[in-house]
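Novice: any chance you can model this:
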Amino acid sequence: MKLLGILLAASLALNAALAVLARRGVPGGSGEVAAVAGGASVILLDEPTAGMSHSETEYAVALIRRVTQDKTLVVVEHDMRVVFDLADTITVLVYGRVIASGPPAEIRASRAVQEAYL
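Specialist: Purely as a prediction, here's the structure:
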C-alpha cells in the first residue's frame, strides 16, 4: 500500500507540473526534467488535461508524448480526443467494469464505447 501511495503522489506531482508547464508555455525541456528526474520507466497521469482550454490541451498532449517517449504511459482521462491521440492500447471502463480493450480503431468502432463516451 505504501508503494501505491508513493506512485499516486508522484503521479499527482507530475500531473500538476505538466499542467503548470503547459499553461505557461514553458519549452519542453522543463517538462522532460519533471517527468524523467527519477528515471521512471512508467508514467502515471490522472486526467492531465482537466480544465485546460483546447490550445492548452494540444500543448499538454505534445509535452506528454515527448516526456513519455520510450516509456510506459498509464493515463486516466475522460477527453477521448486526448486518449486517442496518446494511446496505442485503450482500456475503457464504465463504473469500474472493463467494457472494451484494444487498439484505438477497435475502441472507436465499439458500440459499447460509443454509447458510453462518444
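Novice: quick one: the helices in this protein?
Specialist: Applying DSSP state H to the chain gives helices spanning 2-24, 28-36, 54-67, 80-86, 104-109, 111-116.
Novice: dump the fourth one to CSV, restricted to CA.
Specialist: Which is helix 80-86. What follows is helix 80-86 as a C-alpha-only set of coordinates in CSV (Å, rounded to 0.1, in the frame of the first residue of the first chain):
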residue,chain,number,x,y,z
MET,A,80,-11.4,10.8,-25.7
ARG,A,81,-9.6,13.0,-28.2
VAL,A,82,-6.6,13.0,-25.8
VAL,A,83,-6.9,9.3,-25.3
PHE,A,84,-7.0,8.5,-29.0
ASP,A,85,-4.1,10.9,-29.6
LEU,A,86,-1.8,9.4,-27.0
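Novice: helices or strands next to that helix in the packing?
Specialist: Packing partners of helix 80-86 (3 or more Cβ pairs under 8 Å, 6 or more residues apart in numbering; DSSP states H and E): helix 54-67, strand 72-76, helix 104-109. Every residue, glycine included, has its C-beta placed from N, CA and C.
Novice: contacts for that helix?
Specialist: 48-49, 57, 61, 64-65, 73, 75, 77, 90, 104, 107-108, 117-118 (Cβ atoms under 8 Å, 6 or more residues apart in numbering).
Novice: cutoff 6 Å now
Specialist: Thr49, Val61, Glu77, Ile90, Pro104, Tyr117 (Cβ atoms under 6 Å, 6 or more residues apart in numbering).
Novice: ok so, going back, mean pLDDT lowest for which of the helices of the chain?
Specialist: Within those, confidence is poorest for helix 28-36, with a mean of 44 (mean pLDDT).
Novice: so how far is Ala100 from Arg65?
Specialist: Going from Arg65 to Ala100 by Cβ to Cβ, to the nearest Å gives 23 Å.
Novice: so which of the two has more stuff around it?
Specialist: Neighbours per residue, other Cβ atoms under 10 Å: of Arg65 and Ala100, the larger number sits with Ala100, 19 against 13.
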